[in-house]
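> the following block contains a protein sequence and its predicted model.
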Amino acid sequence: MKEKLRGWEQNLATLVIGADSLWGGDYQAPSGKDHFVAEPWTREWETPKVYEDSFAAELRAQGGVLGLDGRQAEIQDFAARHDLTGLAAKIRRKAISLPRHRAYFINNLVNSLSLIVLTGLAQAKVRSYSFPSFEDRYRAATLYQGSIQLVDVKEERKNLENLLSRAGYKNRSLLGAVQEWETAHGRLDPEQIPQKVTEILSKVIPLTKEQLIRHLDVQLKGDIWKRLVDVPYNGFEFEMFSMPSRPEMTGSQAYFGGNKNQRPALRGLFEYNKDYPMTYLGLIALCLHEVMPGHYFHSVATDLASNLGFEATIPTMCSPQVALWEGVAQNSIGFLFDTEDEAYATLAKLFEVKEIDLRIQYALDKLMDAAKHNAPIMHQREGMSEKKIREYASKTCALTDPLPTKIWGWAKHPLIGPMYACSYEQGRRVVTGMIKQHGRIPAAIAAYNLSGSIVDIETFQNILNSSE
């Protein structure tokens, strides 16, 4: 039987699903490809009435407001019917009485949801609604308060160039050297990928337990497992689909949780686009990011943690929570090892690859983060053309095809650009800084929601800094 939602929690559920509906998301869909703002809920809460609204169903079927031209009046009526522009203020008033870190988390979440709603109404050209500024959207998701500037990639380019040169790949252009390196290592046959993922995870899960999880001595809810190290982490599923028209799309990750045979199912699903080209080194980095100790472990730890509130069961994209998620996943090796030298030496031996090649892979990942961050700023704020954005991604950030297409697609989207793409770089920098300042184990306890509070990119820092 589904659990009832009441008071401000009911209002928050309505706001999350209303915002998601405006953009065509369906949090109840079995495939992550159909999710957007709202991720699957990890407890059986009652379905909010806004989801059951017939117009919400039409929005989901048409891809949200982007697929409904000339329907401004109906979109406005839908938003008014569920008070989507007024709920945030009501939730904030109730949040005042909550414990400090929880109140901050709720306020940060509803601020980002408000901008998602307003951006949707502006995208639909509903009268009297205009787009929130790029800066407002960027800050709502990242909570960065400094001057919004492009990330300087000179040092990252120089580092990558030096690594490639040491590995024997010299070219007049950095992009050319990367292309030669990728060609030499070969891209995996798509039919090999599921088996390769199984092999990688058979090594990554024990490594994560030994290097990280056994140090996280926290109380879990329920009586199935006493410690996180006892959890089997066997609910992860890997499936493939084909989308030849979108080779730049890697895939989708979703965590469903749930129960099976009266035990936590810990179900997670990664759907991989077999038309996305992947090297073995890239697949190792992907598994660390998406599974262990990245997103899947993050979700399992949150699912099993004690004393977390309703908001911990409704993960939400384009919010400060996702800035932390991506920051954590991009720091996977930082949570596993005390130094980079130890990380690369251990992983090279574990996967029987060269240490220099792992360093090259992660140097490319940093340039990818910079491209994700800079491209939305350059296009949406500074008006740079599609051609220039693609050139920047390939020539400056050394991203090979089809990645410049991915960067352009994210850069031009009114939500994904400022409220998701930019979060990788900002999240990575914050989490890296907290690991250096507080140590990887204390940082992990806070980041993975094991300190007694659900955290976002701001409250994660607040909890660690208040413990000094």
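Yep, that arrived.

> center of the chain, which residue is that?
E326 (4.5 Å; CA atoms, centre = their mean).

> and what about it, helix, strand or coil?
At E326 the chain is in helix, as set by DSSP: H, G, I helix; E, B strand; the rest coil.

> that one contacts Y424, correct?
Yes - here E326 lies in contact with Y424, judged by CB atoms under 8 Å, at a distance of 4.8 Å. All C-beta spots, glycine's among them, are computed from the backbone N, C-alpha and C.

> on that earlier part again, what's near enough to touch the residue nearest to the centre of the chain?
Applying CB atoms under 8 Å, 6 or more residues apart in numbering, one finds that E326 lies in contact with S423, Y424, G427, R428.

> then P402?
P247, E248, Y276, P277.

> and the gap between the closest residue to G417 other than its chain neighbours and V353?
Excluding its sequence neighbours, the residue lying closest to G417 (CB to CB, 6 or more residues apart in numbering) is P376, at 3.2 Å. Distance, P376 to V353, by CB to CB, to the nearest Å: 33 Å.

> who's more crowded, these two?
P376 (27 against 17; other CB atoms under 10 Å).

> how far off centre is stretch 9-20?
20 Å (CA atoms, centre = their mean, to the nearest Å).

> in it, what counts as buried?
Neighbour-count burial for stretch 9-20, with 16 or more other CB atoms under 10 Å as criterion, is recorded at E9, Q10, N11, L12, A13, T14, L15, V16, I17, G18, A19, D20.

> how about stretch 404-424?
Quick answer for stretch 404-424 (16+ other CB under 10 Å): 404-411, 413-424.

> how is this protein partitioned into domains?
7-132, 154-466 (automatic domain parsing).

> looking at the ones you listed, which is closest to Y144?
domain 154-466 (5.5 Å; CB to CB).

> max-length helix in the chain?
helix 100-123 (DSSP state H).

> any idea of the mean pLDDT in the helix or strand just after that helix?
Remark: after helix 100-123, the chain's next helix or strand is helix 134-142, criterion DSSP states H and E. Helix 134-142 comes out with an average pLDDT of 98.

> coming back round to it: nearest to G25 among the contacts of E326?
Out of the contacts of E326, the member with the shortest distance to G25 (by CB to CB) is S423, at 17.5 Å.

> what secondary structure does that closest one sit in?
helix.

> now do V218
Classified using three-state DSSP, V218 is coil.

> my read: it touches A446, true?
No - assessed by CB under 8 Å, V218 is found out of contact with A446, at 11.0 Å.

> part of a strand, is Y272?
Yes - judged by three-state DSSP, Y272 forms part of a strand.

> check contacts around it.
I193, F238, E239, M240, F241, T250, G251.

> out of the contacts of P402, which are inside helices?
Counting by DSSP H, the contacts of P402 place none of their members in helices.

> tabulate those (CSV), appending pLDDT, distance to S466 and neighbour count.
What follows is the contacts of P402, written out as CSV (pLDDT from 0 to 100; distance: CB to CB, whole Å; neighbours: other CB atoms under 10 Å):
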residue, pLDDT, distance to S466, neighbour count
P247, 90, 46, 17
E248, 89, 42, 19
Y276, 95, 42, 21
P277, 94, 45, 16
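
> what's the closest of those residues to I224?
Nearest member of the contacts of P402 to I224, counting by CB to CB, is Y276, at 36.3 Å.

> the closest residue to K209 other than its chain neighbours: what's it in contact with?
Closest residue to K209 apart from its sequence neighbours, by CB to CB, 6+ apart: V229 at 5.5 Å. Shown in contact with V229 (CB under 8 Å, 6+ apart): K209, I213, R214, L216.

> do the same with Q262
By CB under 8 Å, 6+ apart, Q262 has no neighbours at all.

> dump the contacts of E326 to TSV, plus pLDDT and distance to D152.
Formatted as TSV, the contacts of E326 follow (pLDDT from 0 to 100; distance: CB to CB, whole Å):
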residue	pLDDT	distance to D152
S423	98	19
Y424	98	16
G427	98	18
R428	98	15
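
> now K170, nearest residue through space, not along the chain?
Nearest one to K170, counting by CB to CB, 6+ apart, is A177 at 6.4 Å.

> so what pLDDT did the one you found get?
Note on A177: pLDDT of 98.

> against which helices or strands is whichever helix or strand it is part of packed?
Using DSSP H and E, A177 maps to helix 174-185. When contacts are defined as 3 or more CB pairs under 8 Å, 6 or more residues apart in numbering; DSSP states H and E, helix 174-185 packs onto helix 154-166, helix 355-376.

> show the subsequent helix or strand relative to it.
Downstream of helix 174-185 (by DSSP H and E), the next one is helix 193-211.

> quick one: buried residues of that next one?
Under 16+ other CB under 10 Å, the buried positions of helix 193-211 are I193, K196, V197, I200, L201, V204, I205, L207, T208, K209, Q211.

> not counting sequence-adjacent ones, nearest residue to the second one?
I take that to be K196. L283 (5.8 Å).

> so the one you found sits right up against I193, yeah?
Yes - between L283 and I193 there is a contact at 6.9 Å, judged by CB under 8 Å.

> looking at V218 and A446, which is more packed in?
More crowded of V218 and A446, by other CB under 10 Å: A446, with 23 against 16.

> from R172, how far out is that one?
Per CB to CB, A446 is found 46 Å from R172.

> same check, this time on Y276
For Y276 relative to R172 (CB to CB), the value is 28 Å.

> please apply the same query to H295.
38 Å.

> ok, L220 next?
Per CB to CB, L220 is found 56 Å from R172.

> ok, H295 and R172, which is more surrounded?
The neighbour comparison of H295 against R172 (other CB under 10 Å) goes to H295, with 22 against 7.

> looks to me like R267 is in a strand.
Yes - assessed by three-state DSSP, R267 belongs to a strand.

> contacts only, for it.
Each residue near R267 by CB under 8 Å, 6+ apart is listed here: G235, E237, Y255, F256, G257, G258, K260.

> which of those residues are buried?
Neighbour-count burial (16+ other CB under 10 Å) is assigned, among the contacts of R267, to G235, Y255, F256, G257, G258.

> just the ones in strands from the residues you listed, please.
Y255, F256, G257, G258 (DSSP state E).

> one step back: put together CSV for the contacts of Y272, with secondary structure and distance to Y272 on each row.
Putting these into CSV (DSSP: H, G, I helix; E, B strand; the rest coil; distance: CB to CB, whole Å) gives the following:
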residue, secondary structure, distance to Y272
I193, helix, 7
F238, strand, 7
E239, strand, 7
M240, strand, 5
F241, strand, 7
T250, coil, 7
G251, strand, 4
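
> buried among these? Make that a ChimeraX selection.
A single ChimeraX command selects the buried members of the contacts of Y272 (16+ other CB under 10 Å):
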select :193,238,240,250,251
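
> out of the contacts of Y272, which is nearest to E161?
Nearest to E161 out of these is T250 (CB to CB; 25.6 Å).

> just checking, that closest one touches P277?
No - the pair T250 and P277 fails to qualify as a contact (CB under 8 Å) at a distance of 10.2 Å.

> roughly how far apart are the nearest residue to V153 once chain neighbours are set aside and Q321?
Of all residues not flanking V153 in the chain, A370 sits nearest, at 4.9 Å (CB to CB, 6+ apart). To Q321, A370 is 22 Å away according to CB to CB.

> please say which of those two ends up with more neighbours.
Q321 (27 against 22).
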